[in-house]
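In: got a predicted structure plus its sequence, pasted below:
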Amino acid sequence: MKNFDHPQVKPYLITRTLFPENQETPIHFLNSDIVDGKLFYRRNHFSYPHFTSSFYLLPIDGLVHTPKIFSLQEIYSLPSKTIKVVLECAGDKRELFQPKVFGEQFGKGAISQGIWKGVSLRTLLQHTGLIDTAKEIVFEGYDYGERPDSNQIFNFSRSLPIKKALEPDILIAYEYNNQPIPFKHGFPLRLIVPGWYAMASVKWIKKITVIDKEFKGPFQVVDYVYYPNKENDGGKFSVTAANVNSTIQYPLDRQLLHTGIYEIKGIARTGEGMITKVEISLDGGQTWEPCQLNSPSEKYSWVHWNYKWEALKKGEYTIKLKATDSQGNVQPSEPFWNRKGYGYNAFDSIKVKVE
């Protein structure tokens, strides 16, 4: 009898737009805790920047006692820190909002996780000092272009309040999964803000400036803001920490299954605290059962969960999932609708048919 080798099959990024490049991670087909750089989702507002990294320098100026320009070599020589972090786009699951909203129509894959290594921002700021009136720190990226709402040219820039910026886990990162950060993900230096949606983790850092007022750049005060009302800006507030959330990886939505025993599985994560509980419903949310967490939940990273399902009765099933974190946050049955479609975190929900 002949042996036929099956060609290897593997998942690919899911393309949303090419110019600028926006692609989702094939989240349903990843079993590992660590997402390879090639499958890390890509979210860009502009085309990729052009610069020569061999002459790369990072200036820190503004309200500091000693403005300083760091070379890459200096940064590499400073005490480093390594953290496993999930990065999730604030627009992850945007396509699920009802009524629909405008913007990149991301499904469930604008999320990835890996190991980031770099220098704590706090360490760099010890070399410059901070003047007492400092209020925020602005991080400007090398990427720039026109926004849809303006014909002005803007760099992608974001700020952090001083208190947040000085947390020890805020990194100026230079490695991802023990390799230099891939260019498309911010090489040579990327800010990593664990626990916050990934718009805060500015790529291709060009300069860091300390200011004594609130930063008013468009990616701070126009985008990445929750607008609860369609017609006006009343009640708006900034997008910051990631909401508690979960995703069913298997089975797939609308999958056809034989009767039998299945392992339903997926991931859960939260921005502040850790996942303490994941629950599943096989009857559209009427009754809930606990899932098994496959490992202790860690701060900043997702946890894998599973549930053994004896699918012995034919028919259609609506499977729903909700996670709870250590701060007492629970996924809601309905999302918090907002005009720009950020922070979707309603119960995850799929339908399957057992035949």
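Out: Good, I have the coordinates. Residues are numbered from 1 along each chain as shown.

In: now do the end-to-end distance for stretch 144-157.
Out: Stretch 144-157 has its terminal residues 9 Å apart, counting by CA to CA, to the nearest Å.

In: same thing with stretch 177-196?
Out: 20 Å.

In: CA atoms of stretch 290-300 as PDB?
Out: What follows is the C-alpha trace of stretch 290-300 in PDB, where atoms were taken according to Å, rounded to 0.1, in the frame of the first residue of the first chain:
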ATOM      1  CA  PRO A 290     -18.000  26.500  33.800                       C
ATOM      2  CA  CYS A 291     -15.100  25.900  31.300                       C
ATOM      3  CA  GLN A 292     -11.800  24.600  32.300                       C
ATOM      4  CA  LEU A 293      -8.900  27.000  32.300                       C
ATOM      5  CA  ASN A 294      -5.900  25.300  30.800                       C
ATOM      6  CA  SER A 295      -3.300  27.200  32.800                       C
ATOM      7  CA  PRO A 296      -3.200  29.800  35.500                       C
ATOM      8  CA  SER A 297      -4.200  33.200  34.200                       C
ATOM      9  CA  GLU A 298      -1.300  35.700  33.800                       C
ATOM     10  CA  LYS A 299      -1.500  39.400  33.900                       C
ATOM     11  CA  TYR A 300      -1.400  40.900  30.300                       C
END
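
In: need the contact partners of it.
Out: 83-86, 169, 194-195, 264, 273-280, 303-307, 321, 326 (CB atoms under 8 Å, 6 or more residues apart in numbering). Heads up, the C-betas are built off the backbone N, CA and C, glycines and all.

In: and the closest residue to residue 180 other than its chain neighbours, its phi and psi?
Out: Spatial nearest neighbour of residue 180, excluding adjacent residues (CB to CB, 6 or more residues apart in numbering): residue 187 at 5.9 Å. Backbone torsions for residue 187, taken as degrees, to the nearest 10, come to phi -50, psi 140.

In: ranges for the helices of the stretch 151-300 of the chain?
Out: 162-165, 218-221 (DSSP state H, counting those that start in this stretch).

In: would you reformat those helices as CSV and include mean neighbour count, distance to residue 349 and mean pLDDT?
Out: Shown next, in CSV, are those (neighbours: other CB atoms under 10 Å; distance: least, CB to CB, whole Å; pLDDT from 0 to 100):
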stretch, mean neighbour count, distance to residue 349, mean pLDDT
helix 162-165, 16, 33, 98
helix 218-221, 18, 31, 98
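
In: any chance of those helices in a markdown table, plus distance to residue 16?
Out: Below are the helices of the stretch 151-300 of the chain laid out as a markdown table (distance: least, CB to CB, whole Å):
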| stretch | distance to residue 16 |
| --- | --- |
| helix 162-165 | 30 |
| helix 218-221 | 19 |
